[in-house]
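# Provide a 3D model corresponding to the input given below.
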Amino acid sequence: MNSEPRAREWTETVNGTGLRVEEVGAGDETLVFSSALFTNRALFDAPVAALCGDHRCIRYDHRGQGDSGLGAPQPSTEKVMTNMFGTTFMSDPTRNADREKWRQRFGEQLIPEAMPMLL
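Residues are numbered from 1 along each chain as shown. Next up, the predicted model:
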């Protein structure tokens, strides 16, 4: 009889920041899932569910994302957006609505403690 793999969660401290980690499944191979900026480990619900029967799956939330803390100061949203979209996008007056849309999206994905970075 096959039982459902048991998940284990904990907070690992890395450089002064508590990162939330989840491990589920067992197997000879380990798969590590690392989410993108402004997402969290839930992004991988489907692949982890599909693979955890034969693999050890580990996923975590990056600093300031999902259930992980902030620890060291976070970059501001403007800096993140400049890095992602470039200075042309950030300085183009015709893209004001687009920038505001992304600021709102980023704000919805952040944990409450990260909100001061939007100021």
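# that's a strand at M81, yeah?
No - counting by DSSP: H, G, I helix; E, B strand; the rest coil, M81 is not found in a strand; it is helix.
# adjust the sequence numbering to begin at 52 for everything that follows.
Noted, 52 is the first residue going forward, which turns the last one into M132.
# and it, how far from L88?
10 Å (Cβ to Cβ, to the nearest Å). All C-beta spots, glycine's among them, are computed from the backbone N, C-alpha and C.
# in terms of neighbours, single out the busier of these two.
M132 (17 against 12; other Cβ atoms under 10 Å).
# how close does that one get to G76?
36 Å.
# also A100?
10 Å.
# please parse this structure into its domains.
58-111, 128-160 (the TED database).
# could I get these in a markdown table, plus columns for distance to G120 and mean pLDDT?
Formatted as a markdown table, the domains of the chain follow (distance: least, Cβ to Cβ, whole Å; pLDDT from 0 to 100):
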| stretch | distance to G120 | mean pLDDT |
| --- | --- | --- |
| domain 58-111 | 4 | 90 |
| domain 128-160 | 16 | 81 |
